[in-house]
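Peer 1: Take a look and give me a structure for this.
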Amino acid sequence: MFETLTERLGQSLRNLRGVGRLTEENMADTLKEVRAALLSADVHFKVAREFVERVQAGCVGQDVLKSVTPGQQIVKVINDELVKLLGEGSTALVAKRPLRIMMVGLHGSGKTTTTAKLGRLLAKQGYRPMVVACDVMRPAAIDQLETLATQNSLGFFGDRNSKDVPSIAARAIDEAGAKLNDALIFDTAGRLQIDTDLIAEVKRVRERVQPDEVLLVADGALGQEAVNVAKAFHEALTLTGLVLTKLDGDARGGAALSMKAITGVPIKFVGTGEKSDDFEVFHPDRMASRILGMGDVVSLVEKAQETIDEKEAERMAEKLKKADFTLEDFLSQMQQVKKMGSMDKIMGMMPGMSGVKLDDDAGDRMKHTEAIIQSMTIQERRKPSILNGSRRMRIANGAGVKVVEVNQLIKQFEQMQKFMRMMKGGNQKKLMRQMEQMRGKGGMPGF
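Peer 2: Residues are numbered from 1 along each chain as shown. Predicted structure coming up:
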């Protein structure tokens, strides 16, 4: 997300290299570029103008500290203003049980999927969620929510024979009480556009349910239109939070910067993909760091803690320390990393790597590496030295690759083993020479 904005902001800040003091004159072109970058990312023109004015006021006349460059100093000011723009403070849900959450939004925004994702997240936090199908206009929406509830072990309530949505919602509350569900998420109906019937229906549901949270699910790719949608729903329902979806496929993401500023409603969650786990609590400070290409190490660590088995990590660390790392171990590590998401997402959280893209073949190479190792016997994974020509041919056929790819993997793995033995032995000169060889011959296996 925000790739275009990140790239253009980086280009504009390079204009300040070699400047000793920030003035209106030497900042004019840079701020013009910053404003253009915001507008090109679909940030609302009023928000972009006020943002640039605040950055200018915060920078003009500041002496550049000896320890930093002008570009670094203005990045700090822009980072602080981005955090304010995205919303300072906590974006957590109301802490109470039972918790009632009403989901609203237009048709196609990903509302039903987001309802299930939020239920899954609340379950991880110790709640017993129930999702409620309040979209009676589309029978498929009820079926979809029930399927998602089953897949994610959530409670479900729906009535395919009734069109009285407030009544369905009220009966769901009684059902949740009887089944000890302490978090209800109401998936209301959407339309292709806002109309009086839609607003009237969600108002009636709100009056009956008395929700603790009213969350608008908005398509992050809508740009300026998403801001208008947020204003209309907020005026009708008094929203308590926003959920931005489809940010994984939108390179602009300006709606995220505009909606909070225009409505005053905090962004509480973001959807970053189609999987149930592609759903994050929104942290303004972390998002500001991502936009400026400074990564998000905190989220990366949290993601690792969620997906990587601690005992397995300790076991691998001990094997690496003893230089006893096999292809079987390497396969296990690859599978652990895959649980964290795509490599592009992981790299986007690493400082200085948000704009770096893996080449088109990187994903295929990782799949091929996994297939090759899985085509080996346990003995072959633990002792690659027994892999003669006929074994390598069998493995290549089993993995659906060429023998040359098997040979390349084995060669790179042997280099990695030498590298680890030198680390264990402390031979720094040999270690440096081995690193140079690996750099020139494709690096670590699988990448």
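
Peer 1: Going by C-alpha atoms from here, please, whenever you check contacts or count neighbours.
Peer 2: Will do.

Peer 1: Need the CA coordinates for stretch 143-151. PDB is fine.
Peer 2: The C-alpha coordinates for stretch 143-151 follow below in PDB (Å, rounded to 0.1, in the frame of the first residue of the first chain):
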ATOM      1  CA  ASP A 143     -24.800 -18.000   2.900                       C
ATOM      2  CA  GLN A 144     -21.400 -16.300   2.600                       C
ATOM      3  CA  LEU A 145     -21.400 -15.100   6.200                       C
ATOM      4  CA  GLU A 146     -22.500 -18.500   7.500                       C
ATOM      5  CA  THR A 147     -19.700 -20.200   5.500                       C
ATOM      6  CA  LEU A 148     -17.100 -17.700   6.800                       C
ATOM      7  CA  ALA A 149     -18.400 -18.200  10.400                       C
ATOM      8  CA  THR A 150     -17.900 -22.000  10.100                       C
ATOM      9  CA  GLN A 151     -14.400 -21.600   8.600                       C
END
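
Peer 1: Looking at that stretch now, give me its mean pLDDT.
Peer 2: Mean per-residue pLDDT for stretch 143-151: 95.

Peer 1: can you tell me which residues contact the residue nearest to A141 when sequence neighbours are not counted?
Peer 2: In this structure, A141 finds its nearest non-sequential neighbour in D135, 6.5 Å apart by C-alpha to C-alpha, 6 or more residues apart in numbering. Shown in contact with D135 (C-alpha atoms under 8 Å, 6 or more residues apart in numbering): A141, I142, V165, D187, T188, A189, G190.

Peer 1: in stretch 126-141, what counts as buried?
Peer 2: Buried residues in stretch 126-141, counted by 16 or more other C-alpha atoms under 10 Å: Y127, R128, P129, M130, V131, V132, A133, C134, D135, V136, A141.

Peer 1: Just the closest of those residues to V83, please.
Peer 2: Proximity of those to V83 was ranked by C-alpha to C-alpha; the top entry is Y127 with 29.8 Å.

Peer 1: Wait, a helix at that closest one?
Peer 2: No. Counting by DSSP: H, G, I helix; E, B strand; the rest coil, Y127 is not part of a helix but coil.

Peer 1: right, and it touches D182 too?
Peer 2: Yes. Y127 lies in contact with D182 (C-alpha atoms under 8 Å); the separation is 6.2 Å.

Peer 1: average pLDDT across stretch 413-426?
Peer 2: 69.

Peer 1: repeat for stretch 25-42
Peer 2: Rounded mean pLDDT across stretch 25-42 is 78.

Peer 1: Return the set of buried residues in that stretch.
Peer 2: Within stretch 25-42, the residues that count as buried by 16+ other C-alpha under 10 Å are 27, 30-31, 33-42.

Peer 1: Now the terminal residues of stretch 95-102, how far apart.
Peer 2: 15 Å (C-alpha to C-alpha, to the nearest Å).

Peer 1: Poorly predicted segments of the stretch 101-250 of the chain, please.
Peer 2: For the stretch 101-250 of the chain, applying pLDDT under 70 flags the ranges 220-223, 247-250.

Peer 1: can you give me the helices for it?
Peer 2: Applying DSSP state H, counting those that start in this stretch to the stretch 101-250 of the chain gives helices spanning 111-124, 139-151, 165-179, 196-209, 224-237.

Peer 1: what sits up against the host helix or strand of K268?
Peer 2: Following DSSP states H and E, one finds K268 within strand 267-271. Strand 267-271 is touched from outside by 86-87, 91-93, 114, 241-248, 256, 260, 278-283, with contacts defined as C-alpha under 8 Å, 6+ apart.

Peer 1: quick one, what contacts K111?
Peer 2: Here K111 is in contact with M103, V104, G105, D187, V217 (C-alpha under 8 Å, 6+ apart).

Peer 1: count of residues packed around the third one?
Peer 2: By other C-alpha atoms under 10 Å, the residues close to G105 number 29.

Peer 1: was I right about it contacting L192?
Peer 2: No. At 9.6 Å, G105 does not count as touching L192 under the criterion of C-alpha under 8 Å.
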